[in-house]
Every structure is written in C-alpha cells, then in structure tokens.
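Q: The following comprises the amino acid sequence and a computationally predicted model.
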Amino acid sequence: MTPERVLVLQLARLGDLVQTWPLVRRLKAAWPGARLELVCEAGLVSLSDLGPPLAGVHGLEVGRLAALARHNPAAAARRLRERLQDLRRLRPEVLVNLNLSRLSLLLTHGVGAPALGYQPLAGGREFGRPPWLAYVFALAHARRLNRLHLSDVFRHLAPTAPEEPFPGATPGRAGGELRVGLVPGTRHPKRTWPPAAFARLICLVADRTAARFLLFGTGAERPLGEAIFRELPGRLRDRVLNRLGATGLAELAGELQGLSLLISGDTGTLHLAAALGVPCLGLYFGPAQAAETGPYGEGHLVLQAEPPCHPCREGDPCADPVCLRLLTPERVARVAAARLRGEPLHQEPLPPEVRLYDTGRDLLGACLNPLGGRPPELPDLVGLAYRHLGARLLGLANGGPQRLELPLPLRSSLTRLAQAARRHNPALSLPEAELLRPLKAFRAEAARQGLLQGRPQLWEELTAALESDFAHHLEVLAG
C-alpha cells in the first residue's frame, strides 16, 4: 500500500544530503502517488532545487540548536519541542531517518510514524537498525572490506522501484572551452591535499592543455587559495580564478555545470558535481575511501592511496602521512590531461599503494572498476564476497562469476575462511581472523535486536553464501 505522506530526515552535511538524492528518486519511483518531503539543515534548504523534486523542504537549525543546548538547555528544549510539533503537523505515514544521532532519534520517536532507517528503541533512548543497516554497520568493524557506497546504503532502505535512473558523467561540457575546477579544502587535514600539490598540478595540466582553472571552497578556506597562488608562476595566474568563499549554493552549482572536469578530495562539492553530471576525478587518501563515498554515478575517475594503514580514522594521530605523498601531482596530471583530451588512460605502472578506478554500476548500485595498480589481494576478494552477501540479504540476484587465476596462497586462505564462516574452526592467522570480524559483528547485532526471529534459516543461508564466495577459488563472484 502506498503511503500518502513520506518524510525523509537528513540532518548531516552537504555531501550527505546530495548522497540522499538516489534514495529520494527511488522513493518517488516506488511510491509515485506519495507526497514526499524532506527535513535538512536550514542552511542547505536551497540545495533541494538542484535535486529530485520534492513536495516540501523544511529547515532545521541543527548547528544553532547544538550551540543553544550548551549555553541554555531549557531554551534549546523549548525550541526543539516547537520544531517537533511542526513535524507532527505534517502527519507523515512513513518517516525515513538517515542519521545516527540523538537529535534525529528523538525527532523520529517524537513524530511517531513508522520508521525506515535508524529506528528508536526503548522509548527513543536506543538505536534500532533493520537487517540491512545492521549488516552495513558490521562492515565498519573492518572498513577496508567495505564495498558499499553510502548512497546505496540509503537507497536500499526504500522499496525496490521498477524504473530508477542512475546518474552518470556528461562529457564535452563548457562549449569546447576546457575549464577545470579544483577544491583544495576538505573537512579534515587527513583528507586534504597540500596547496603546493595543487599548484604543481595546475602547472602540469596547463602545460598539456589550454584549460582554465577555478578554485572552489568556503570563505574559511581562502588561505588555501592564497597559498596556491603564491606557488604559481606569474605566467599562469591569469588562467586561475579564485572562487573560494565567493559562491552560494546556487552560484556554485551553476559554475560547476560549466566545468569540463572537477578535481577534488572527498567533499560535498565533489558529490554535488557528480550529481549534476560533471565529470569528476576524486583524490582519496587517509580516512576517505572511494568505495564508500566516491563520486556516485558512471564515468568518473578516482585515484586512491591505499597504504597498509588505509583507511585510517580521523581522530588517530599520524606522524607520517605517506598517503598524501603517494598521489603525486604528476600522477594526477597525467590522468586529468588524458580525460580532458579524450584520450585512453594509458597509465605507467603505479606503485603498489596506489590504484586508479573508474566508477560504474551493478545490481547493487555504484561500484569501482580497477584501471591500474596492484592485482587483487585477499582483502579485495573478501570485500567482494561481503558485497555479494549484502546483495543476497536484499534479495538481489548476482551478476555471474568472474574467473580469476588466484595464486596458491590466496586459495589456501580463502579455503580456511570458507571453513571458518561455517564454524569448522580451522587454524586462522590473525590477519585472516580479522577478515571475519564483520560476519561475527553482524550475528551479534542480529541477536541483540532479534533480527533473525521468524527467519531461523537466514543465518545459515548467509554463511553458506559467504562460504560459497570464499570457496570458489577460481570463480570469485564480481557481480
């Protein structure tokens, strides 16, 4: 039965809101007669004009509420009650909660509508997760194995839709003039390429093409643009326009749509550009992992630094950020220039810690296709197996096996993992045992919430499926 009113609650940053759009499109396709409305951070309300059409958008002053709660809790509580009453008056029949936060949990509980996504338990004091989200969070116990994009995590909370568009990059933009956008700032130093690297990249791409360059970012990031200009030779400065802090959301979207290519780390601007069909080259290192939050849609490129410590956590200290040095301006420039000139990506051999991907799709959603770098290793194969396990959990068919000639050590490890998945208890090395942590975490969460009640065969089906993926030494499913 189609609900008449559906409310989507997304209170996170710009990038998270843009990555909610595939869910919105699926909801509209699955429930075409429903009135679909969104609650988001007040400063991002105007962004909704660029995404899928909505019947209503409601702003919530998330940052202001948090600041008020620190200085005047009583006033914050009164303001929150007022906003909760506003949401109740919308009378949604379904609420989709996309945030793992106390505020979103309180609002979801207070509105009282049946919830998709994160659900309130124990009177709104605890988080509940349906099997799909419980599985996604189990993969957080070993993030390097995660092959699920955030947009698809959101998207699969909605019912399956018969016709659902998938975004992609549109080449040949800007009327023939090559315009390259650069985003030097990110939300964390571990995700941020040095200004000197951006300046060197501009020089190298300018030597290979007739491109002009635009710098995008917030007003707080203006010092990064100034640092880039200090590094540039005088002959190139008139080819670079500093737009840091000079654009609102509407202006930013308009200028992005005139680009031939955007080069950026894991930023909201990157996700917005990809959603608008702008070809993107993502630079991923530190805690950023392209499989989770790369540019969503077909036809984009990603250079990912993957040293042994990848992906790290933002809060952990790093005495030697080797990943920032692995993505050299020379490597990025060769990929960018080839894409701008429409040439094949003939890469010289990459170091073992760097991989080049293009973005594609399969039955589950967004996926990364390796174009260069080291061959598949054990974590890659196990990550694919977990992806296929997620597809089975959602009731999706697989895309068929891909034959891979695996070295004998990999075959032996996969055999032991296959046996351990079914509790045959072979002797595992510590690295091998770590690869099974998500499976154990999922079972523990399923037991805590009673997710397997009424489906006693589900666990056996899932472990048998995982065993099958592990055990097919030469037929690793790559859906």
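A: Done, it's in.
Q: Show the model's pLDDT score for residue 332.
A: Model confidence at residue 332, given as pLDDT, is 96.
Q: Excluding sequence neighbours, find me the nearest residue to it.
A: Nearest non-adjacent residue to residue 332, counting by CB to CB, 6 or more residues apart in numbering: residue 201, 5.5 Å away. Bear in mind the C-beta positions are built from the backbone N, C-alpha and C, glycine included.
Q: so what's the one you found up against?
A: 182, 263, 329, 332-333, 336 (CB atoms under 8 Å, 6 or more residues apart in numbering).
Q: again with residue 54
A: 24, 36-38, 48.
Q: 7 Å - rerun?
A: Residues near residue 54 by CB atoms under 7 Å, 6 or more residues apart in numbering: 36-38, 48.
Q: Which one among these sits at the bottom for pLDDT?
A: Where pLDDT dips furthest among these: residue 48, at 90.
Q: Can you get me a residue count around the closest residue to that residue other than its chain neighbours?
A: What sits nearest to residue 48 in space, not counting adjacent residues and going by CB to CB, 6+ apart, is residue 57, at 4.4 Å. Neighbourhood size, residue 57 [other CB atoms under 10 Å]: 17.
Q: in its sheet, what does the helix or strand where residue 57 lies sit against?
A: Using DSSP states H and E, residue 57 falls within strand 56-60. Here strand 56-60 is paired, per DSSP bridges, with strand 35-41 (parallel).
Q: List the neighbours of the partner strand that are in contact with it.
A: 4-11, 17, 24, 27-28, 48, 54-60, 62, 87, 90.
Q: before we move on, the earlier item: identify the farthest-apart pair in the contacts of residue 54.
A: Maximum pairwise distance among the contacts of residue 54 (CB to CB): 11.0 Å, between 36 and 48.
Q: Those two: who's more crowded?
A: Taking other CB under 10 Å, residue 36 and residue 48 do not tie; residue 36 has more neighbours (22 against 19).
Q: Give me the nearest residue to that one, chain neighbours excluded.
A: The shortest distance from residue 36 to any non-neighbouring residue, by CB to CB, 6+ apart, is to residue 6 (5.0 Å).
Q: number of nearby residues for that neighbour?
A: By other CB under 10 Å, neighbour count at residue 6 equals 25.
Q: What of residue 438?
A: 24.
Q: okay, it: pLDDT?
A: Reported pLDDT for residue 438: 87.
Q: Next: residue 424.
A: Reported pLDDT for residue 424: 57.
Q: Ok, the one 10 residues further on next?
A: At residue 434 the predicted local distance difference test score is 84.
Q: dump the residue contacts of the residue lying closest to it once chain neighbours are set aside.
A: Excluding the flanking residues, the one nearest residue 434 by CB to CB, 6+ apart is residue 142, at 6.2 Å. For residue 142, the contact set (CB under 7 Å, 6+ apart) comprises 434-435, 437-438.
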